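Q: I would like the atomic coordinates for the input below:
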Amino acid sequence: MLYDSIASVLIIIAGLLFVVSATALWHAPDALTRANLLGPATSVALPLIVIATLVHDIGAGSFEINHLVRAIVAIVALWVVLAVASFVMGRALHEVSQEP
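A: Predicted structure coming up:
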């Protein structure tokens, strides 16, 4: 019961981060700002969802060590891919915005 509550709170926090990011995207003035506003949703909310899944597995009694390894690999892979994608997208949007 406690583990389900913790997992639920993590999912709710992640959902709120997505809602706040979507609202900020709606009000952003240009594409470069919109790309920068995706950071909190992707780099914080998605790992929170992975951690919530891990907490739920622990509470359900189906936890195995490979679940922990997969969660760590998934979170690290998310951060690496998001960093590279954010850099590439930012460069592309910056070059497009610089054209006369």
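
Q: how far out from the middle of the chain is the longest helix along the chain?
A: Secondary structure of the chain per DSSP state H: the longest helix is helix 65-98. Between the mean C-alpha location of helix 65-98 and the chain-wide mean there is a distance of 10 Å, by Cα atoms, centre = their mean, to the nearest Å.

Q: List the buried residues of that helix.
A: Using 16 or more other Cβ atoms under 10 Å as the test for burial, helix 65-98 gives 71, 74-75, 82, 86, 89, 93. Where you see a C-beta, it was placed from the backbone N, CA and C, and this is true even at glycine.

Q: contact partners of the helix or strand bottoming out on mean pLDDT in the chain?
A: Sorted by mean pLDDT, DSSP states H and E, the helices and strands of the chain end with helix 31-40, the least confident at a mean of 80. Applying Cβ atoms under 8 Å, 6 or more residues apart in numbering, the contact partners of helix 31-40 are 17, 20-21, 24-25, 28, 82, 86, 89-90, 93-94, 96-97.
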